[in-house]
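1. below are the sequence and a predicted model for it; my questions follow.
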Amino acid sequence: MVIVSTSNTAQEVKDNIQTGLNGPTAMPVVIVVPREQAPGEQRVATVPEVVQKLTKSGYEIRIEHDAGTGAFYSDDLFIAAGAKVVSNRADLLNGARIVLRVQPPTVADIDQLAEGTIVIGFMNAAKNLEMVARMRDRKVTAFALELVPRITRAQSMDALSSQATAGGYVAAILGATNCPKFLPMLTTAAGTIRPATVLILGAGVAGLMAIATAKRLGALVEAYDVRRAAGEQVRSLGARFLELEINAEGQGGYARELTPEEKVKEQQMVSAAVARADIVITTASIPGRKAPVLITRETVATMRPGAVIIDMAAESGGNCELTQTGKTVREHGIMIIGPQNLPSRIPFHTSQMYAKNLQSFLSLLVDNDGVIVKEFTDEILTASLLVHEGEVHHKPTRDLMIGGKS
Ligand code: NAD
């Protein structure tokens, strides 16, 4: 295996940024992919298959040594696909025109980037205001993939969906492996086994995948969502949709917050369904807000001993009152799992999907001649632009920063 230590000179990077010289006779756009450093993060922002395509299109790809190891993509595979593997992180970042990441960059990493460098990845800006301020001050450009609008044209770059699909699948498997029962109905010489009941609360992207997975495992599946439109999708997967006289479909297909009266009605119906379930998977969330509490402490006490709750909303406050983020809690014989970063548990495929999302996104940012577009006028670029030329473009983040005086 050959590991090179390579970087553009500061002048080369500056020239490239100032003139956008990326045509056939000029320098190729240098894309760098650092090793993710967040605890527990196994994913990598690109994979050899995508590197091969990007290299063919004229990009130069530099990847940090061991960046793909956690997802089972070795340095050798990246080299064979046409990437250069760089052992020194400072060298890697220093020569970057575009940086592809899964998790937001650290302040230390941002300090290594030249002015005008473009960073693309999940930014989780509301929780990382210091990072946003540093990118603004160092005039780094950042695109946040979670801000890509959910429009048909953007489906191939919808990383929220690709990763939520994986999260829903892993949650169903986690529920099955922690449940003391079979999921399918079995007729055996040792007697007949009744199928387990799985309840999914929140039938968005993750919820629908959890439903499909639990169905494939043979469980009886029930699901609930405040958006009535979700009913049809739930039924098409062969699950039962719990109906409530509420339609809380809000802007952009997302749910709106329920009124206090609606919350009481919801609570009663959900509690009855939770009490009869062997596995409950909760995915309910409202963008930019704390997750709604759907399972109270009292409801947990009514559940069957041995039942399992997988709270996929654990990282945004939890759908169960007893959830502790990153921990497993046991109460009244019920196991409440509050997982973090479920997509990272199947990093081989989630990295592959994420890499393809990024490849699609790059096709908007770089034109057919290999030149980075000068104006980010495409609505997908406009919506996902977080920071550019010393300004925070995403208004909710800007408002939070003004409030916190970042
Ligand atoms: P999400 O992660 O924001 O929320 C998960 C689910 O929780 C949603 O279905 C939401 O309605 C539900 N929820 C919120 N509050 C609830 C409550 N109190 N009780 C029960 N359920 C509750 O959602 P998501 O998975 O990111 O999807 C959001 C929407 O975007 C969906 O309509 C989805 O179909 C749509 N979408 C569209 C596209 C596209 O057209 N390109 C792509 C992806 C998703």
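-> Now that the structure is in, tell me what you want to look at. Residues are numbered from 1 along each chain as shown.

2. strands of the stretch 251-400 of the chain, start to end?
-> Counting by DSSP state E, counting those that start in this stretch, the stretch 251-400 of the chain has strands at residues 279-282, 308-311, 328-331, 334-337, 385-388, 391-392.

3. the stretch 1-150 of the chain too?
-> With DSSP E, counting those that start in this stretch, the ranges of strands along the stretch 1-150 of the chain come out as 30-33, 60-64, 84-86, 98-100, 118-121, 141-144.

4. partners of the first one in the sheet?
-> So the one you mean is strand 30-33. strand 60-64 (parallel), strand 98-100 (parallel) (DSSP bridges).

5. got JSON lines for the ones you listed, with distance to the ligand and mean neighbour count too?
-> C-beta coordinates here come from the backbone N, C-alpha and C atoms, glycine included. Output for the strands paired with strand 30-33, formatted as JSON lines (distance: least, CB to the nearest ligand atom, whole Å; neighbours: other CB atoms under 10 Å):
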{"stretch": "strand 60-64", "distance to the ligand": "28", "mean neighbour count": "24"}
{"stretch": "strand 98-100", "distance to the ligand": "21", "mean neighbour count": "24"}
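
6. with mean pLDDT added, can I get these in JSON lines?
-> JSON lines is the format used below for the strands paired with strand 30-33 (pLDDT from 0 to 100):
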{"stretch": "strand 60-64", "mean pLDDT": "98"}
{"stretch": "strand 98-100", "mean pLDDT": "98"}
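
7. chain neighbours aside, what residue packs nearest to whatever residue of the chain ends up closest to the ligand?
-> Ranked by CB to the nearest ligand atom, the top residue of the chain for proximity to the ligand is Gly204, at 2.2 Å. Of all residues not flanking Gly204 in the chain, Thr283 sits nearest, at 6.2 Å (CB to CB, 6 or more residues apart in numbering).

8. is the one you found in contact with Gly168, as I believe?
-> Yes - using CB atoms under 8 Å, Thr283 is in contact with Gly168, at 6.9 Å.

9. quick one, which of the two is more surrounded?
-> Gly168 (30 against 27; other CB atoms under 10 Å).

10. would you verify that the more buried one is located in a strand?
-> No - checked against DSSP: H, G, I helix; E, B strand; the rest coil, Gly168 lies outside a strand; its state is helix.

11. ok, now which ones touch the closest residue to it other than its chain neighbours?
-> In space, Gly168 comes closest to Met209 once its chain neighbours are excluded; the distance is 3.1 Å by CB to CB, 6+ apart. Under the criterion of CB atoms under 8 Å, 6 or more residues apart in numbering, the neighbours of Met209 are 164-169, 172.

12. overlap between the residues you listed and the residues near the ligand?
-> Filtering those for neighbours of the ligand using CB under 6 Å from any ligand atom leaves Ala164.

13. and the contacts of Met209, which two are the farthest apart?
-> Ala164 and Ala172 (12.8 Å; CB to CB).

14. residues from the stretch 51-200 of the chain in reach of the ligand?
-> Residues of the stretch 51-200 of the chain lying near the ligand by CB under 6 Å from any ligand atom: 150, 152, 155, 158, 160-161, 164.

15. which of those has the weakest pLDDT?
-> Across the set of those, Arg150 stands lowest in pLDDT, at 93.

16. so where's the stretch 151-300 of the chain shaky on pLDDT?
-> Within the stretch 151-300 of the chain, not a single segment meets pLDDT under 70.

17. residues touching Gly326, list them.
-> By CB under 8 Å, 6+ apart, Gly326 lies in contact with 314, 338-340.

18. could those be laid out in TSV, adding distance to the ligand, neighbour count and pLDDT?
-> Output for these, formatted as TSV (distance: CB to the nearest ligand atom, whole Å; neighbours: other CB atoms under 10 Å; pLDDT from 0 to 100):
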residue	distance to the ligand	neighbour count	pLDDT
Ala314	13	23	96
Gly338	16	22	98
Pro339	15	21	97
Gln340	16	13	96
